[in-house]
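Visitor: what's the 3D shape of this:
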Amino acid sequence: MTSLTRERSWLLDRNLLQLVYQCRRLIRSEFGVQLHLTEEHLEQHLADYAGRSSSQTLVDTWECLLAQVPELGIKTEEHSSKMYRGMEIIDDTPVAKVAGAGQEADLPRKKKNIYRGQVVG
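Guide: Next up is the predicted model:
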């Protein structure tokens, strides 16, 4: 808890806190996500949303905050996932399902003939 307090001591400055509030408000209006000041990775979330934002105001506010607090200079990692219209595509098919599907496709399937709701032959 004390290490987190030391890392967040910059939030005690009124001007910096106003910039964070403005970033949070812009993120909430654009993405619909409510960020809290007590979140563990608040700086990373702010940087991610500022990087994905189409709002120049949010980008400028984040850059102003970075200029005043140099320890916030977090390296933004490029996402290796696919993007569609600015949103990340979530791949919900695990590798096991994909590998299992290949084994089932190798087996010959017997075709079911259905006539009026009854299985025939």
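
Visitor: Look at Leu16 and give its secondary structure.
Guide: For Leu16, the assignment made with DSSP: H, G, I helix; E, B strand; the rest coil gives helix.

Visitor: Just give me the neighbour total for the closest residue to it other than its chain neighbours.
Guide: Computed as CB to CB, 6 or more residues apart in numbering, the closest residue to Leu16 that is not its neighbour in sequence is Trp10, at 5.6 Å. C-beta: built from backbone N, CA, C; applies to glycine. Neighbour count of Trp10, defined by other CB atoms under 10 Å: 16.

Visitor: Contact partners for Trp10?
Guide: Counting by CB atoms under 8 Å, 6 or more residues apart in numbering, Trp10 touches Leu16, Val69, Glu71, Leu72.

Visitor: got JSON lines for these, with secondary structure and neighbour count too?
Guide: Below are the contacts of Trp10 laid out as JSON lines (DSSP: H, G, I helix; E, B strand; the rest coil; neighbours: other CB atoms under 10 Å):
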{"residue": "Leu16", "secondary structure": "helix", "neighbour count": "16"}
{"residue": "Val69", "secondary structure": "coil", "neighbour count": "16"}
{"residue": "Glu71", "secondary structure": "helix", "neighbour count": "10"}
{"residue": "Leu72", "secondary structure": "helix", "neighbour count": "18"}
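
Visitor: confidence score at Thr5?
Guide: Listed pLDDT for Thr5 reads 63.

Visitor: Could you confirm Tyr21 falls within a helix?
Guide: Yes - applying three-state DSSP, one finds Tyr21 inside a helix.
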